[in-house]
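Novice: sequence-free structure coming up:
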Ligand SMILES: Cc1ncc(COP(=O)(O)O)c(C=O)c1O
């Protein structure tokens, strides 16, 4: 297929066939798992294009081209996890040495975001000449207020994790570009099936492929997708030098997951809405956060920049003392720390996904002792509701 033909495929088709719909030598329809470390050189000075799997591997390459295709980018890079991808991306923004005025490379970051990203930025990178301002990016004026001359990038999660706030991607891109900086969007929550940030002006999309993309709670992976020729080599060098590239088997699992992404996302969306509506009527529940509610305060923005909703639903229980028994009594919905897989999971962000975030910032984002986060899976929604009903009693 030509590049033009590939680019014109609908997302459902692009996910099933990927960038390589069969292996050209044998015709194998499933991309083979090239489980090898080195590749033989035909002779001195010659190469098949593959030398060593840390640098290039055919299974990983098929996945990287597929994620680039479905995210509407030119380049895709696959990493051993979402954190590996985000960490490598930060490397293209060199740390200032402090300079005369002691200024550091500055990022503006959504305050309501995955706790591991907070830890990576606020604990690790903060040691190396980087500075981060944590802002409620769903309120545009707060981003404007946080901008500084030394701001190099804006990093947003939209919808945010776990409070489901929506940030205007296009407005963020326009603002940061006017100041000469770059926009990074973590698109883990909506996936390219529902949202393509590069089309809205973002410079980089990152993913935890461990979630909806791979979709089966059985592997970790992470991605950077972009279209910047200028950044292509530095990012490739970071991936090859740091050695956090995705393994052949995990590349294959993620490729296989992507084939069913559209069908799963539709089902997550349907189930998410059913469960969110039901939770809203439950007497033990105080408030439900779900972007797909017809009366969600940012519904217009969601409709402008996304084509649907996921299965992520957070809620406050009325009484925090009931949380231990809820987590003990769920049976079908598994008490575990992840999201986006076929199985429904329930998480207690305070002590799990968001425990790295300092209390003041966590509370300001709304992550308190009453908050539970559900990743609604693709089971029959009646069974999910029955299980939650038993546990919430
Ligand atoms: C929105 C988001 N981004 C990034 C990550 C990190 O991904 P990984 O666990 O694959 O390193 C997560 C993990 O939960 C996440 O939820």
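Specialist: Looks like it arrived, so ask away. Computed from a predicted structure; not experimentally measured.

Novice: What's the local residue count around residue 105?
Specialist: Neighbourhood size, residue 105 [other Cβ atoms under 10 Å]: 20. To be clear about C-beta, it is placed using only N, CA and C from the backbone, and glycine gets the same treatment.

Novice: got it, and the one 5 residues further on?
Specialist: Neighbouring residues of residue 110 were enumerated by other Cβ under 10 Å; the total is 28.

Novice: so it sits right up against residue 159, yeah?
Specialist: No - counting by Cβ atoms under 8 Å, residue 110 does not reach residue 159; the two are 10.1 Å apart.

Novice: Mutual contacts of the two, please.
Specialist: Counting by Cβ atoms under 8 Å, 6 or more residues apart in numbering, residue 110 and residue 159 have no common neighbour.

Novice: Domains in the chain, by residue range?
Specialist: Per automatic domain parsing, the structural domains of the chain span 3-259, 262-392.

Novice: could you redo the ones you listed as CSV and give each row mean pLDDT and distance to the ligand?
Specialist: As requested, the domains of the chain are exported to CSV (pLDDT from 0 to 100; distance: least, Cβ to the nearest ligand atom, whole Å):
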stretch, mean pLDDT, distance to the ligand
domain 3-259, 95, 2
domain 262-392, 97, 6
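
Novice: Which strand or helix spans residue 207?
Specialist: Element membership of residue 207 [criterion: DSSP states H and E] is strand 204-208.

Novice: Identify the residues contacting the following helix or strand past that strand?
Specialist: On the C-terminal side of strand 204-208, the nearest following helix or strand under DSSP H and E is strand 222-226. Contact with strand 222-226 is made by 64, 67-68, 71, 73-86, 88-89, 198, 203-210, 213, 232, 235, 246, as judged by Cβ under 8 Å, 6+ apart.

Novice: Sort out which residues of strand 222-226 are buried, please.
Specialist: Applying a neighbour-count criterion of 16 or more other Cβ atoms under 10 Å, one finds 222, 223, 224, 225, 226 buried in strand 222-226.

Novice: Measure how that strand sits relative to strand 204-208, angle-wise.
Specialist: Angle of strand 222-226 versus strand 204-208, following axes from the mean of the first three to the mean of the last three Cα atoms, to 10 degrees, is 170 degrees.

Novice: what's the offset of strand 222-226 from the middle of its chain?
Specialist: Mean-position distance between strand 222-226 and its chain equals 10 Å (Cα atoms, centre = their mean, to the nearest Å).

Novice: just use 458 as the starting number from now, easier for me
Specialist: Okay, residue one is now 458; in that scheme the one you just asked about reads as strand 679-683.

Novice: Strand partners (parallel or antiparallel) of that strand?
Specialist: strand 532-536 (antiparallel), strand 661-665 (antiparallel) (DSSP bridges).

Novice: winner for burial among those?
Specialist: Ranked by mean neighbour count under mean count of other Cβ atoms under 10 Å, the strands paired with strand 679-683 are led by strand 661-665, which reaches a mean of 28.

Novice: can I assume residue 744 sits in a strand?
Specialist: Yes - if the criterion is DSSP: H, G, I helix; E, B strand; the rest coil, then residue 744 is within a strand.

Novice: Residue 807 versus the closest residue to residue 722 other than its chain neighbours, what's the distance?
Specialist: Spatial nearest neighbour of residue 722, excluding adjacent residues (Cβ to Cβ, 6 or more residues apart in numbering): residue 650 at 4.5 Å. Noted for residue 650: a distance of 30 Å to residue 807, by Cβ to Cβ, to the nearest Å.

Novice: Looking at the two now, which is surrounded by more residues?
Specialist: Neighbours per residue (other Cβ under 10 Å) separate residue 650 from residue 807, with residue 650 holding more: 25 against 22.

Novice: List the contacts of that one.
Specialist: Shown in contact with residue 650 (Cβ under 8 Å, 6+ apart): 468, 472, 527, 669, 718, 719, 722, 764, 765.

Novice: Helices - which of those residues land there?
Specialist: The helices, defined by DSSP state H, take in 468, 472, 527, 718, 719, 722 from the contacts of residue 650.

Novice: Check what contacts stretch 832-843 and list those residues.
Specialist: 721, 724-725, 727-729, 731-732, 735, 768-770, 789-790, 795-804.

Novice: Many thanks, have a good one.
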